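[1] Here is a sequence together with a model predicted from it:
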Amino acid sequence: MKKELHIFFTCLMFYTRIPCPKNITHHPDYLNKATRYFPFIGWIVGSISFLAFYLFSFFLSTEIAVILAIIASILTTGAFHEDGFADVCDGFGGGWTKEKILMIMKDSAIGAYGAIGLVLLFLLKFKLLSESILLFTNNILLVFLLFVSVHSLSRLAAISIIFTHEYSRDDASSKSKPIAKQYSWKEVFGSFFFGLIPLLVFSYFNLKFLLAIIPVFITRYFLARYFQKWIDGYTGDCLGATQQVCEVVFYLSILFLWKFI
């Protein structure tokens with residue numbers, strides 16, 4: 001149990017800005033095992049984001065509360081995944097070879113593709129989340145499950161790429177490299193368990209919501225295929241971009257399922 005707590009806190013420290021015990025480090029062995037808890041981080045981030053929305057919605061409009069909820073999730077993770085999304089937009093937008101793409105993604109400066117991508121991403125998140133919340137205005141529990149489900153499932157879609165593809169960089173220049181070295185059945189089981197549980201509970205209230213997993217993993221499949229084609233695998237930035245895109249796809253799926261099925 002003590003070791004599992006150490007692994008969990010390693011995961012929490014790596015993927016969020018939440019303070020952790022001082023004895024927790026980025027030890028490669030623990031980072032490898034921390035993969036199993038990555039979707040569970042979605043439970044935490046989703047809960048914090050929901051709490052921000054819920055509290056601010058008492059005295060502000062739904063739209064402003066949604067913006068503040070998005071800001072809360074960004075502050076919790078330190079824009080970890082949004083940064084990866086921006087780097088992927090810059091890298092794949094401006095590079096035409098594997099070497100060029102990886103070089104651009106490694107650059108800490110944000111380019112035109114990354115800036116435009118982030119603006120469009122946040123506009124989509126704001127609008128889609130606002131409309132999704134309106135579907136459940138009379139049931140705050142469903143709103144909470146919406147927040148947690150989207151953050152856990154999108155992280156499952158992202159982290160599952162390491163189970164099927166190889167890490168792209170040849171060096172250890174990325175801090176994401178340790179999570180890409182090896183994994184066991186515990187990492188696979190933990191990822192899917194924590195990634196799917198919120199959606200299953202969410203679907204208990206309306207079974208058709210379970211269908212949202214299909215477009216999310218179709219998106220994951222084509223993104224992984226695209227990364228494989230251009231850079232022979234993935235990087236940490238690719239995982240972050242996958243999480244962000246799958247988050248948007250989840251909202252789109254819920255709206256589509258509610259209106260047309």
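    In hand now; what should we look at? What you are looking at is a predicted structure, and each value in this text was computed from that prediction instead of being measured.
[2] Pull out the buried residues from the strand or helix carrying residue 9.
    Using DSSP states H and E, residue 9 falls within helix 2-15. Neighbour-count burial for helix 2-15, with 16 or more other Cβ atoms under 10 Å as criterion, is recorded at 6-15. Bear in mind the C-beta positions are built from the backbone N, C-alpha and C, glycine included.
[3] Strands along the stretch 51-200 of the chain, start to end?
    Read by DSSP state E, counting those that start in this stretch, the stretch 51-200 of the chain holds no strands at all.
[4] okay, residue 180: pLDDT?
    At residue 180, the pLDDT value in this model is 56.
[5] export the helix holding residue 9 as PDB, just CAs?
    The C-alpha trace of helix 2-15 is given here as PDB (Å, rounded to 0.1, in the frame of the first residue of the first chain):
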ATOM      1  CA  LYS A   2       2.800   2.400   0.800                       C
ATOM      2  CA  LYS A   3       4.400   1.700  -2.600                       C
ATOM      3  CA  GLU A   4       1.100   2.300  -4.300                       C
ATOM      4  CA  LEU A   5       0.700   5.600  -2.600                       C
ATOM      5  CA  HIS A   6       4.200   6.600  -3.700                       C
ATOM      6  CA  ILE A   7       3.300   5.700  -7.300                       C
ATOM      7  CA  PHE A   8       0.000   7.700  -7.000                       C
ATOM      8  CA  PHE A   9       1.800  10.800  -5.700                       C
ATOM      9  CA  THR A  10       4.400  10.500  -8.400                       C
ATOM     10  CA  CYS A  11       1.600  10.500 -10.900                       C
ATOM     11  CA  LEU A  12      -0.100  13.400  -9.100                       C
ATOM     12  CA  MET A  13       3.100  15.500  -9.000                       C
ATOM     13  CA  PHE A  14       4.000  14.700 -12.700                       C
ATOM     14  CA  TYR A  15       0.700  15.600 -14.200                       C
END
